[in-house]
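# Give me the fold of what follows.
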Amino acid sequence: MRGRRIEYLKDLNPAQLEAVRTLFGPVLVIAGAGSGKTRTLVYRVARLVEEGVPPERILLLTFTRKAAREMLRRASLILDASCERVAGGTFHSLSHQMLRRYGHLLGYGSNFTVLDRGDAEDAINLLRGALGLAEKGRRFPKKDTLASIFSKSVNQGRTLEEILEKEYPHLLEHLPDIQRLFSEYQRYKREHQLMDYDDLLLNWYRVLLEHPGVRREISREFEFIMVDEYQDTNHLQAEIVRLMSEGHGNVMVVGDDSQSIYAFRGANFRNILQFPRLFPGAKIIKLEENYRSTQPILDLANAVIARAREKYTKCLFTRKSGGRKPVVYRARDEADQSRFVAERILELREEGIPLSEMAVLFRAAFHSFDLELELAKRDIPFVKYGGLKLIEAAHIKDIVAHLRIILNPYDLLSWHRVLLLLEGVGPRTAEKIMNHLRQSTDPVETLARFPSRPSFREGLEALYRVLRDLRDIPSVEEKLERLYRYYTPVLERVYHDDYPKRERDLESLLTLSHKYRDLSEFLADLALEPPESSVADLEPENETEDHLVLSTIHSAKGLEWHTVFVIALSEGRFPSAYAVSSEEELEEERRLFYVAVTRARENLYLTHPVTGYVPGEGRVILKPSRFLEELPSHLYEIYREPREEASDEEVPEGAFRPGDVVWHPRFGEGEIRDVLSQDKVRVYFLGHGEKTLHLKFARLERI
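Prediction:
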């Protein structure tokens, strides 16, 4: 007899209780953000054991081993230590365990070797060389890129051609050779009793599919199956769950379709939508009570996801009272956006909110580059997740090295980096050239006279010309534009596999340079934080030190903060310009925005710059994100900058002033940006941009 009684009625809300008490048959638990899904899984494990199910016959599948261990630990605290005997782990660890027993059905011995990612890349590289695809001068994809392509093909169930067309169109010319290499890689693994990470899933699926007897055995072994984060499963994982439970159908999956944001990793959004079709008669339970956020934040989150094309309809609510509305800030430009965020962070810290309880979230890592410089200037410590800081990316370091030579021609470290980018120049040749330059009063001019060999003479001459030109160009922005024309072919050659993505980072650097007149100031701002204290470590060296969090939204999933800023909410940035042409990708962007806003507990700030610098076009008006425009105006407040009141002589009583929030019959709510004359104003309207209006005809009303 157990010595502990679980107080389900006291510990769980009605929806959680229903999920915990429903033991038999297929169950789909739609767990909204912050609704206690982990608690529900933990209590259901305890309930099954309490009802007499042997722990070994319960299987809990999660996406990390740590998550499984923590859930079983919590279940044992609720009931007793027997809960820790529940079979818990990841899809890959389960598949590995099963293939040790059943791999012989596919021709594998029980002692097959599992290749980690590095091993797999080395094997691919070995075969790449054996097939003559790694010959010097041939621009064939590198081993890490090939491993990524092969993995996506297996996990997403798509052909190599489909992967290349969608994600690597510049590599399509190599398709026949990539297909040949993939076939050779598959043969090599079979012959040498090897499986890579993706083979574990694929081969366990094959055993289940091709051998009904194994399905029956596994179904008897695991009488109850539970899956966490089901919205993040891929096609193979969903099929594995279906086949393993064929004999009983006692499957509970928990997830949130509104938080499915990992399609790029192979996650299939449709798995959770199609669960009732895969498991006829499935019971659907919705967890809608939120234990994280205030109701105003939840109201906005509900409005965001209400416009999703395909979803399980749910409405998040909380029993917590109070809370302020989310705040929208319409920044003049990126610099103003950074200033606003930094100043508000400092104000909140003065109010007693630790930096570690605040986060700035963004769609892509480069969206925070301007903000990083602003935070460094104000001595606000931060850590960044989900991407390199600007100065740490290899291609950005290449550009900066050229610029540093212009400032200091005796910077040998920069010379070394720049010279190694030239075709035909290796470390020994680079050292010879540097010895030559080291003794000169004008290293740039001396470069033109170096006795070069034909193999790298052309590259050396091109480098000399660009460095010579850069010295004579006054503007930082123009220097970068000239340098980019030279560097683009280098970028394509050195970073051939993913240069289109890296080009976007270069455009971001060009955008940053627009506000600088002095090259030394530009480079100093970029280097304000030394690399050893940067995001490479991800965590502060001193865990007691307070740090602000900067993070991509993908890296922030599952986390929460007191205050959250979501920045760069402009069309083309969020949603990404690469998503707007695909309805499916646009829907994932909407879910990404939903994940961002549901990270906030008390304060939520949404910012977008009204203008931005676009390379080649100059300063342009940036349209607000459609996700902002779709929000009903009563769900948020527009932030108004505090300002000094003008005297009666300066501004007539009742006249409009910059910062006033107004209403227009056609354009809706807006903000006065400038008073041009006694009867003419410039107003910014969300969704319509700036308008110059004559007060005599405009019928503006102050809100």
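# which residue ranges form the helices in the stretch 51-200 of the chain?
In the stretch 51-200 of the chain, the helices defined using DSSP state H, counting those that start in this stretch lie at 65-78, 91-102, 117-130, 143-156, 160-167, 175-191, 197-210.
# wait, doesn't residue 348 sit right on residue 354?
No - counting by C-beta atoms under 8 Å, residue 348 stays clear of residue 354, with 9.3 Å between them. All C-beta spots, glycine's among them, are computed from the backbone N, C-alpha and C.
# neighbour-wise, which of those two wins?
Remark: of residue 348 and residue 354, residue 348 carries more neighbours, 18 against 13, as counted by other C-beta atoms under 10 Å.
# Spatially, what comes nearest to the more buried one if we skip its sequence neighbours?
For residue 348, ignoring the flanking residues on the chain, the nearest one in space by C-beta to C-beta, 6 or more residues apart in numbering is residue 563 at 5.9 Å.
# Quick one: low-confidence residue ranges for the stretch 601-703 of the chain.
Applying pLDDT under 70 to the stretch 601-703 of the chain flags residues 614-618, 641-654, 686-687, 703.
# where do the helices sit along it?
Going by DSSP H, counting those that start in this stretch, the stretch 601-703 of the chain shows helices at 626-629, 695-698.
# From what I see, residue 325 and residue 632 are in contact.
No - with contact defined as C-beta under 8 Å, residue 325 does not reach residue 632; the gap is 11.4 Å.
# Pop out the phi and psi values for residue 268.
phi -110, psi 110 (degrees, to the nearest 10).
# Can you tell me the centre-most residue of this structure?
residue 554 (3.4 Å; C-alpha atoms, centre = their mean).
# could I get the helices of the stretch 51-200 of the chain as JSON lines with mean pLDDT and distance to residue 487?
JSON lines is the format used below for the helices of the stretch 51-200 of the chain (pLDDT from 0 to 100; distance: least, C-beta to C-beta, whole Å):
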{"stretch": "helix 65-78", "mean pLDDT": "86", "distance to residue 487": "42"}
{"stretch": "helix 91-102", "mean pLDDT": "89", "distance to residue 487": "41"}
{"stretch": "helix 117-130", "mean pLDDT": "83", "distance to residue 487": "27"}
{"stretch": "helix 143-156", "mean pLDDT": "88", "distance to residue 487": "21"}
{"stretch": "helix 160-167", "mean pLDDT": "90", "distance to residue 487": "24"}
{"stretch": "helix 175-191", "mean pLDDT": "91", "distance to residue 487": "27"}
{"stretch": "helix 197-210", "mean pLDDT": "93", "distance to residue 487": "36"}
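# Indicate which one of the ones you listed is closest to residue 110.
helix 91-102 (5.2 Å; C-beta to C-beta).
# Pick the most deeply packed of the helices of the stretch 601-703 of the chain.
helix 626-629 (a mean of 20; mean count of other C-beta atoms under 10 Å).
# quick one on the thing from earlier: now render the helices of the stretch 51-200 of the chain as TSV, adding mean neighbour count and distance to residue 639.
Converted to TSV, those look like this (neighbours: other C-beta atoms under 10 Å; distance: least, C-beta to C-beta, whole Å):
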stretch	mean neighbour count	distance to residue 639
helix 65-78	18	38
helix 91-102	19	45
helix 117-130	17	45
helix 143-156	20	42
helix 160-167	16	38
helix 175-191	15	51
helix 197-210	20	47
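# Now those in a markdown table, please, with extra columns for distance to residue 340.
Formatted as a markdown table, the helices of the stretch 51-200 of the chain follow (distance: least, C-beta to C-beta, whole Å):
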| stretch | distance to residue 340 |
| --- | --- |
| helix 65-78 | 37 |
| helix 91-102 | 43 |
| helix 117-130 | 41 |
| helix 143-156 | 38 |
| helix 160-167 | 35 |
| helix 175-191 | 47 |
| helix 197-210 | 44 |
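# where in the protein is pLDDT low?
Looking at the chain by pLDDT under 70, you get 1-4, 136-137, 264, 387-392, 524-545, 614-618, 641-654, 686-687, 703.
# With neighbour numbers in mind, choose between residue 325 and residue 632.
residue 325 (16 against 9).
# The more buried one looks like it's in a strand, true?
No - counting by DSSP: H, G, I helix; E, B strand; the rest coil, residue 325 falls outside a strand, being coil.
# measure it to residue 44 for me?
Distance, residue 325 to residue 44, using C-beta to C-beta, to the nearest Å: 36 Å.
# Residue 153 now?
36 Å.
# and what of residue 360?
For residue 360 relative to residue 44 (C-beta to C-beta), the value is 36 Å.
# again with residue 619
When residue 619 is compared with residue 44 (using C-beta to C-beta), they lie 56 Å apart.
# Please identify which of these two sits among more neighbours.
Neighbours per residue (other C-beta under 10 Å) separate residue 619 from residue 44, with residue 44 holding more: 26 against 11.
# contacts for the strand or helix carrying residue 344?
According to DSSP states H and E, residue 344 maps onto helix 334-350. Defining contact as C-beta atoms under 8 Å, 6 or more residues apart in numbering, one finds that helix 334-350 is touched by 329, 331, 355, 358, 360, 370-371, 373-375, 378, 380, 511, 515, 548, 563, 565, 567-568, 603, 605, 607-609, 612-613, 639.
# List the buried residues in it.
Under the neighbour-count criterion of 16 or more other C-beta atoms under 10 Å, helix 334-350 has 334-342, 344-345, 348-349 buried.
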